[in-house]
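Novice: Pasted the sequence and its predicted model underneath.
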Amino acid sequence: MKIAFSRRLFALLLLGASTLLAIPARAADEAADALIKRLSTEVLDSIKADKAIQSGDLSRIITLVDARIMPNVNFQRMTAMAVGPAWRQATPEQQKHLQDEFKILLVRTYAGALTQVSDQTIAIKPMRAAAEDKEVVVRTEVKGRGDAIQLDYRLEKTPGEGAGWKIFNMNVLGVWLVETYRSQFAQEISAKGINGLIGTLTERNKTNAKKG
Amino acid sequence: MGRSLSFSVESGRTWARRFGLLLVVLLLSACASAPGANPRDPLEPFNRSVYRFNDALDAAVLKPVATSYRDVIPERVRQGIGNFFENLEDVWSLVNNALQFKGQAAFDSLRRVGVNTFLGWGGLFDVATEMDIEKHTKDFGHTLGYWGVAPGPYLVLPILGSSSLRDTVALPVDWKGDLVASVPHVPTRNTATVVRGIDTRSDLLKAGNMLEEAALDRYSFMRDAYLQRRRSVIYDGNPPEDESVDGASNSTDFSAPPGEPPNPTPTKSAAETLSSSGVSGEEKVKP
């Protein structure tokens, strides 16, 4: 009896040790849905705990988004998708400009949406994905008053980099962010070229910043 | 708005005739639209002018009224008013969920109406949400879409805003199923219709400010968001990948080094490439 017990204990210890050994190899890589769940919870909790954010302090929320969310976003891919085929014709400087201005615009909008958070909760829907999938969609729902708000994220696998996944598109209420910008960007590019689009984005960010 | 929503059988017929005429005119102008147009929005010039009209009307009347409504009426009262109208709307969602054979959604809608009407003081309190009974808003346009009717060209309607040919055709049915529009006492009906309009607009005040900041072109932003949103609701938030519409799926990675050149003719401008690839496999636009 005693021997059997200690044997089992030994086996458990071994198992524990092997898990510990296994951890450093895949330290940061978590499952995509676990990453989204962690990010959502962290951000919601920070907002709920921060009186300044609730009273609409945009700069604070922008700092929060920059610190918590942006490291997990492949923003280059997101911008390239929104710009479309013209991206490949843009020079590296133009690409950088586009990316910077688009980021300012989106972070501000996203931050504005987050100021609306009050008592909502986030539910992660079960994910259908195979282990070898390079891209997955994580579906979540924000529950509050009225219909649940659909909020989905499309992520790509980035082994060993960041948390192992990066977001490159998101979907609010069935509307994909990148798609919604694609035709606006194409319109600007066909009328005024890539530099015209950069100019329009910069101008819009300046006007927004003036509103405080 | 009040007048157009409260038609009798007689005026309904006249209205239907005028509506049919409007559609014919629209479709004719659709055929004459420029070749470079967005395949889902062949009526863009017409739509843009209606959009400008709506925008001006909104800035002059609707937005100021909605803003003072928000500032004057206490939040609790506004919440009650909103809940009341949403409860009535749930009745119509119940019918449409049933028409789509969505058992759970129809059952949820039925429970919502029951709970909110009898325990929530005639719908003033949204008790059902507290009880975690999900809301599934559906209108007749969704029902048509669910049974395979394509959206057709995008349309901007005066006052009502974004729509599609399919959703516009469905509107008269929605009005028939609208409990506010079927109140027999005309002054009550008109008052309720106006209050509901103001309440809806006041809910959108924050979103409107965000739209102003986020969009480069509010017209295209609204259009693309509306079309995607309607499509998504029809598939219950899980539509199949739609690669054909603008020539690129929503995961095409233009930042990756190209395996094969994406543009067979690199001399073409980006805009030309975009529009020509868009036309090749557009969503079935069935006029």
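Specialist: Here it is on my side, so go on. Numbers count the residues shown, from 1 in each chain, chains lettered A, B, ... in the order given.
Novice: just checking, what's the longest helix in chain B?
Specialist: helix B:75-99 (DSSP state H).
Novice: hey, C-alpha coordinates of the next helix or strand along the chain from that one in PDB?
Specialist: Next helix or strand after helix B:75-99 toward the C-terminus (DSSP states H and E): helix B:103-118. What follows is helix B:103-118, C-alpha atoms only, in PDB (Å, rounded to 0.1, in the frame of the first residue of the first chain):
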ATOM      1  CA  GLY B 103     -36.700  27.600 -32.900                       C
ATOM      2  CA  GLN B 104     -34.400  28.800 -30.000                       C
ATOM      3  CA  ALA B 105     -34.400  32.400 -31.200                       C
ATOM      4  CA  ALA B 106     -38.200  32.400 -31.600                       C
ATOM      5  CA  PHE B 107     -38.600  30.900 -28.200                       C
ATOM      6  CA  ASP B 108     -36.300  33.400 -26.600                       C
ATOM      7  CA  SER B 109     -38.100  36.300 -28.300                       C
ATOM      8  CA  LEU B 110     -41.400  34.900 -27.000                       C
ATOM      9  CA  ARG B 111     -40.100  34.600 -23.500                       C
ATOM     10  CA  ARG B 112     -38.600  38.100 -23.700                       C
ATOM     11  CA  VAL B 113     -42.000  39.600 -24.700                       C
ATOM     12  CA  GLY B 114     -43.800  37.600 -22.100                       C
ATOM     13  CA  VAL B 115     -41.400  38.500 -19.300                       C
ATOM     14  CA  ASN B 116     -41.000  42.100 -20.100                       C
ATOM     15  CA  THR B 117     -44.700  42.700 -20.700                       C
ATOM     16  CA  PHE B 118     -45.900  41.100 -17.600                       C
END
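Novice: and the closest residue to B:Arg112 other than its chain neighbours, what helix or strand is that in?
Specialist: Distance criterion CB to CB, 6 or more residues apart in numbering or on different chains; nearest residue to B:Arg112, sequence neighbours excluded, is B:Ala128 at 4.1 Å. The way it works is simple: take the backbone N, C-alpha and C, and place the C-beta from them, glycine included. In this assignment (DSSP H and E), B:Ala128 forms part of helix B:127-130.
Novice: where along the chain do the helices fall?
Specialist: The chain I'm using is chain A. According to DSSP H, the helices that chain A contains are A:2-25, A:32-49, A:51-54, A:58-68, A:75-83, A:92-114, A:177-210.
Novice: wait, chain B
Specialist: Under DSSP H, chain B gives helices at B:2-5, B:9-31, B:44-57, B:63-72, B:75-99, B:103-118, B:127-130, B:140-146, B:165-176, B:186-203, B:205-214, B:218-234, B:270-280.
Novice: Please identify the one among these that comes closest to A:Arg139.
Specialist: Closest to A:Arg139 of the helices of chain B, according to CB to CB: helix B:218-234, at 11.6 Å.
Novice: For the residue of the stretch 1-150 of chain B found nearest chain A, give me the pLDDT.
Specialist: Closest residue of the stretch 1-150 of chain B to chain A, CB to the nearest CB: B:Lys135 (4.7 Å). pLDDT for B:Lys135: 91.
Novice: Also A:Arg182?
Specialist: The per-residue pLDDT of A:Arg182 was computed as 92.
Novice: need the contact list for the residue of chain B found nearest chain A.
Specialist: Residue nearest to chain A within chain B: B:Ser232 (2.5 Å; CB to the nearest CB). By CB atoms under 8 Å, 6 or more residues apart in numbering or on different chains, the contact set of B:Ser232 is A:Gln150, A:Asn171, A:Leu173, A:Gly174, A:Val175, B:Asn238, B:Pro239.
Novice: Isn't the last one up against B:Arg231?
Specialist: Right, B:Pro239. Yes. Using CB atoms under 8 Å, B:Pro239 is in contact with B:Arg231, at 5.3 Å.
Novice: what is in contact with the two at once?
Specialist: Residues touching both B:Pro239 and B:Arg231 (CB under 8 Å, 6+ apart): A:Gly174.
Novice: More neighbours: the two, which one.
Specialist: B:Arg231 (19 against 13; other CB atoms under 10 Å in any protein chain shown).
Novice: which bits of the stretch 51-200 of chain B sit near chain A?
Specialist: In this structure, the stretch 51-200 of chain B approaches chain A at residues B:Glu86, B:Asp126, B:Thr129, B:Glu134, B:Lys135, B:His136, B:Thr137, judged by CB under 8 Å from any CB of the partner chain.
Novice: With adjacent residues omitted, what lies nearest to the second one?
Specialist: To tie it back to what came earlier, the one meant is B:Asp126. Nearest one to B:Asp126, counting by CB to CB, 6+ apart, is B:Asn83 at 4.7 Å.
Novice: Around the one you found, how many other residues sit close by?
Specialist: The burial count for B:Asn83: 23, using other CB under 10 Å.
Novice: wait, what's in contact with it?
Specialist: Neighbours of B:Asn83 in contact, by CB under 8 Å, 6+ apart: B:Asn116, B:Gly120, B:Gly123, B:Leu124, B:Phe125, B:Asp126.
Novice: Give me the distance from the longest helix of chain B to the chain's centre.
Specialist: Here helix B:75-99 is found 16 Å from its chain centre; the criterion is CA atoms, centre = their mean, to the nearest Å.
Novice: Would you mind listing where the chain has pLDDT under the threshold?
Specialist: Here I'm looking at chain A. Low-confidence segments of chain A (pLDDT under 70): A:1-28, A:146, A:212.
Novice: Please refer instead to chain B.
Specialist: Residue ranges of chain B with pLDDT under 70: B:1-37, B:242-252, B:256-287.
Novice: What's the local residue count around A:Ser46?
Specialist: Neighbour tally, A:Ser46, other CB under 10 Å: 16.
Novice: Also A:Gly199?
Specialist: 15.
Novice: That one contacts A:Ala191, correct?
Specialist: No. When contacts are counted by CB under 8 Å, A:Gly199 is not listed as touching A:Ala191 (11.4 Å).
Novice: From A:Gly174, how far out is the residue nearest to the residue of the stretch 1-150 of chain B closest to chain A when sequence neighbours are not counted?
Specialist: Nearest residue to B:Lys135, sequence neighbours excluded (CB to CB, 6+ apart): A:Asp147, at 4.7 Å. To A:Gly174, A:Asp147 is 11 Å away according to CB to CB, to the nearest Å.
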